[in-house]
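> Just a sequence and a predicted model for now, questions to come.
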Amino acid sequence: MTITPERPLLPVVTLRTEGGAGTCPPEAPCASGRAALTCRYRCGDACAHDAPNTSDNETFADVMARAASRRGVLRAGAVIGAATAATVAFSGPVAAAPVSAPTGKGGPTKPPKPGRGPHGLRFEPVAPNTADAVTVPPGYRQDVVIRWGDPLFKDSPRWSVDRQSAAAQRRQFGFNNDFLALLPLSRGTQLLVANHEYTSEELMYPGYDPANPTREQVETSWAAHGLSVVAVRETRSGSLEPIVGHQLNRRFHTQTEFRLTGPVAGHPLVRTKADPRGRTVLGTLNNCAGGTTPWGTWLTAEENFNQYFANAATVTDPTTAARLARYGVAGTASERQWEKFDDRFDLAKEPNEVNRFGWIVEVDPYDPRAVPRKRTALGRFKHEAAQPRINKDGRVAVYMGDDERFDYLYKFVSRDRMKKGRSASAKRHNDTLLDHGTLYVAKLTGDSPTSQIDGTGTLPKDGEFDGSGTWIPLVSGTKSFVKGFTAEEVLLFTRQAADVAGATKMDRPEDVEPSPVSGKVYVALTNNSNRGAAGKAGADEANPRNANKNGHVLELTEHRNDSGATRFAWSLLLVCGDPNDPATYFGGYDKSQVSPISCPDNVTFDRHGNLWVSTDGNALGSNDGLFGVAVEGRDRGLTRQFLTVPLGAETCGPVVQRHRVLVCVQHPGEKDGASADAPASHWPDGGSSVPRPSVAVVWRKDGREIGV
C-alpha cells in the first residue's frame, strides 16, 4: 500500500555520523550507516580492510602545491563556507533558518514555492524517515513489479522461503536486484533487465549456519546471482506486471556460459583446467550497476568479485600476490565457502579463475540465444557502471567508475564508429564496437591553491570546487602506454597500470553517466571515511572533505562537449550531507530549501535533463532514497527527495520515465542481527514474511507526467 508521508515545509535532518542502519566491524567503521551484514555479503567487508590502493603516485594535492608555487597569487573572491561540520543527534525534520540566496554559475537563485521548481521536480519532497515501506510524495501511488523468487517461466515453481532449490531459483527472479533498465518492445510492453548483485544467505535460508552451508544452499545462491530479463506490460492502474513465459524472458547465473572477447581473450592468464582456450567463463559475479547502448544492448558491471575466491594467502609468487592484493583478494576461506563445492573458487587449485571476473559484460536481451560477452578492452577492476555516449564523430565513449576508496575514473573510446539502423550488417558491426579502442584514466586538477582546501568542506575563495582534467591513455588495442605493462597486462591489471600512470585518487567513484540532454558527465562519489587518515591521501579540490561520510557528485564537461576529447573541465555539483552542516554545498542553491542527501550511488536523468540520484548507506539516520536534482539555470543545486525505501534497504537502478519511476529495492531488512528466522523487515509481503528484494514502481494518481 502507499504510505502517506509527513509534510514538513522543509524536510531537513540534522547530521548524525554514527548508527543509522548499522555499522561495519568496530575495528573499521563504515563510511556510512550501512549494516555490517551488508558489508559482509556485498563487498566482503571492504571497509574493514585497508584500501587496496597503496600506490605512491602523486596526489591531486601534490599537483596543486606545485601549481600554487608557480602561480604565487591567490585568486580573488568572496569567502563562502564556514567551520568544520557539527556532529549532533538525529532530531527529525526541522526547518532551517532562512539564508540569503547565493550566486552560482547559473546566476542568483530564488527558493521556489512549495511544489514549484523546474519541470520534472514539481512534487512535495518526502521527509526523511525510517518506515518499513516505500514512501512517496502526496498524489502518487506505488506498487511492486516483481520480487525475488517470482516466476519468469510457465514451469517456474511458486516461491516459498521453506522450499528453495537451485533448480527453482534458475527459473525465478534473482536476489538483490541492482541495475535496472526498461527497453522498448511492442506498445504497452517493455523489456525489464536487472542485475542480481549478491546473496545475503542469512536472510534467505531459515536455520542458515554460516560456518556450514549446505550444497543446496550454495547452489541456490549460485542461481540467485546473475541477471534477469523479463517482459512487462502496463496495467490499467498505471503499474507494470511481468509477462510470465514471454519468449524473451531469461535468467543468467553462475553456471551460464559467458564469452571472453577483445584483447585478453585466450591469454594464458585467463586459461583454466576447464577452459584451456581461455574464452568461455561460467557465470558473472557481483553485478552492480550498468548501462544500455544506442544499438540495443545492455551493459552490466562486475564489481566486488574478489570476495568469492579463497586461499589467496597461499599464493607465494610475489607478482601474483601483489596483483591479488591490489584487487582486494585476500585470506583463506571465503565468506560463502563456495570453494568447498567448486574448485574454480579456490585459488590454490585454479589460480586464473579470478582473472575472468571484474569485466563489463554486454548482453543482447532481444536475442534469447545470444551468449553474453565479457568485453576485456574496457579493463578489469571493480566496475560500478558503464554508460555509453556517441561522440561527434560517431565513435562510442563508455564512462566507468571503480568503486573502491582511492580508486579511479575511466573512459573507453571505441576505434570504430557506430552504424545506425537495425540491419543485420549494422548489428554485426556494432557487436564488435567494444572490442577495439582506447582506455583512459582521469587526472583532475583544481584551480584553487591547496591552502584553501583544508579538508573541512569550506569552499575556496572563488566560491566553487572546480578545475580541469586530462584523460591519460593506458592502452589502445595491442599498444600499451604504461611502462612495464603489455597491453594485455594493462587490461588484466588495470588498477596497477593506472597507479603507474598517476591517476587521481577518488572517493569511491560509482555510477558515471553522461546527460542525454547536455552531454555533461555526472559522477557519484559515495564516500571515503579514510580520506585524510594517517598514511592516506588528504583532501583535494575534487575530494574536499577528510573523513568523507556523505559523499559528493562531480560534474564533468568534455572539451567542446566531445566525448572523444582528452581534456575536460569539472566542478562539484553537490557536496552531500545535512544542509545545516557548513561542509555541504548544493550547486550554490539556497540550502534551506533542499532535502538532505547522503551517499550518492546511482544516477539517471529525466527527459528535462534533471539528474536523479539514488543513495546507498545514508549516514544521516534516514532510510535511503531517490532524489531529483536540478543541474542548470537558477535552480541549479535544488535537491528534492522523491521516495524512500524500506528499513535496511538500498535504493538502486533508478529509471525515470515520463509517467513512472522505478527503483530496485535491494536488501530490505538487512540489519545487524536479522535473519530469515527473525526478519527485521516484512516488506513487501507484510505479516510475518521475510523481506524480498524487489522492483518498485511509482506513478501519479491522476496519470499525469512525473513532477510537472
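That came in fine, so what should we check first? Because the structure is predicted, anything quoted here is derived from the model rather than measured. Numbers count the residues shown, from 1 in each chain.

> For the stretch 251-400 of the chain, give me the ranges with low pLDDT.
Along the stretch 251-400 of the chain, segments meeting pLDDT under 70 are nowhere present.

> in it, which spans are strands?
Defined through DSSP state E, counting those that start in this stretch, the strands belonging to the stretch 251-400 of the chain, from first to last, are 257-261, 280-282, 287-292, 298-302, 360-363, 373-375, 387-390, 395-401.

> packing partners for the last one?
Translated: strand 395-401. Packing partners of strand 395-401 (3 or more Cβ pairs under 8 Å, 6 or more residues apart in numbering; DSSP states H and E): strand 387-390, strand 409-417, strand 509-514, strand 521-525. In short, each C-beta sits where N, CA and C put it, glycine included.

> I'd like the strands of the stretch 251-400 of the chain as CSV, with distance to V695 and mean neighbour count appended.
Output for the strands of the stretch 251-400 of the chain, formatted as CSV (distance: least, Cβ to Cβ, whole Å; neighbours: other Cβ atoms under 10 Å):
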stretch, distance to V695, mean neighbour count
strand 257-261, 24, 19
strand 280-282, 26, 20
strand 287-292, 15, 27
strand 298-302, 15, 27
strand 360-363, 18, 25
strand 373-375, 25, 25
strand 387-390, 20, 22
strand 395-401, 23, 26
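
> tell me the strands in the stretch 51-200 of the chain, going along the chain?
Ranges of strands in the stretch 51-200 of the chain, per DSSP E, counting those that start in this stretch, are 103-104, 107-108, 140-147, 177-184, 189-196.

> just the stretch 401-550 of the chain next, same as before
Assigned strands in the stretch 401-550 of the chain, in chain order: 405-407, 409-417, 437-446, 466-476, 479-480, 506-507, 509-514, 521-525 (criterion: DSSP E, counting those that start in this stretch).

> right, so of the ones you listed, which gets closest to G120?
With Cβ to Cβ as the criterion, G120 lies closest to strand 521-525 of the strands of the stretch 401-550 of the chain, at 15.4 Å.

> got the contact list for that closest one?
Among residues not part of strand 521-525, those counted as contacts by Cβ atoms under 8 Å, 6 or more residues apart in numbering are 389, 399, 401, 409, 506-515, 543, 551-558, 573, 600-603, 611, 613, 631.

> about what we covered before: nearest to R187, of the strands of the stretch 251-400 of the chain?
Closest approach to R187 among those (Cβ to Cβ): strand 287-292, 19.9 Å.

> List of residues touching that closest one?
178-179, 181, 183, 195-197, 225-227, 298-304, 361, 383-388, 398, 403, 510-511, 513, 602, 652-653.

> right, and the strands of the stretch 51-200 of the chain - which one's nearest K536?
Using Cβ to Cβ as the measure, strand 177-184 is the one of the strands of the stretch 51-200 of the chain that comes nearest K536, at 28.2 Å.

> The closest one pairs with which strands?
For strand 177-184, the pairing partners within the sheet under DSSP bridges are strand 189-196 (antiparallel).

> Give the buried residues for the strand it pairs with.
Of the residues in strand 189-196, those with enough neighbours to count as buried (16 or more other Cβ atoms under 10 Å) are Q190, L191, L192, V193, A194, N195, H196.

> pretty sure the fourth one is touching V229, no?
Read it as V193. Yes - under the contact definition of Cβ atoms under 8 Å, V193 touches V229, with a separation of 5.3 Å.

> what is in contact with those two at once?
For the pair V193 and V229, residues contacting each of them under the criterion Cβ under 8 Å, 6+ apart are V363, P365.

> picking that back up, now for the strands of the stretch 251-400 of the chain, which one comes closest to A674?
Shortest separation from A674 across those is recorded for strand 287-292, at 22.4 Å, computed as Cβ to Cβ.

> Let me know the angle separating the closest one from strand 189-196.
Direction vectors for strand 287-292 and strand 189-196, defined by axes from the mean of the first three to the mean of the last three Cα atoms, to 10 degrees, enclose an angle of 150 degrees.

> what's the spacing between strand 287-292 and its chain's center?
Chain-centre distance of strand 287-292: 8 Å, with Cα atoms, centre = their mean, to the nearest Å.

> Name every strand pairing with that strand and say which way it goes.
In its sheet, and by DSSP bridges, strand 287-292 pairs with strand 298-302 (antiparallel).

> Can I get the strand it pairs with in PDB, CA atoms only?
Output in PDB follows, covering the C-alpha atoms of strand 298-302 (Å, rounded to 0.1, in the frame of the first residue of the first chain):
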ATOM      1  CA  TRP A 298      22.700  -4.000 -22.100                       C
ATOM      2  CA  LEU A 299      26.000  -3.400 -20.200                       C
ATOM      3  CA  THR A 300      26.400  -4.900 -16.800                       C
ATOM      4  CA  ALA A 301      29.300  -4.400 -14.400                       C
ATOM      5  CA  GLU A 302      31.100  -7.000 -12.400                       C
END
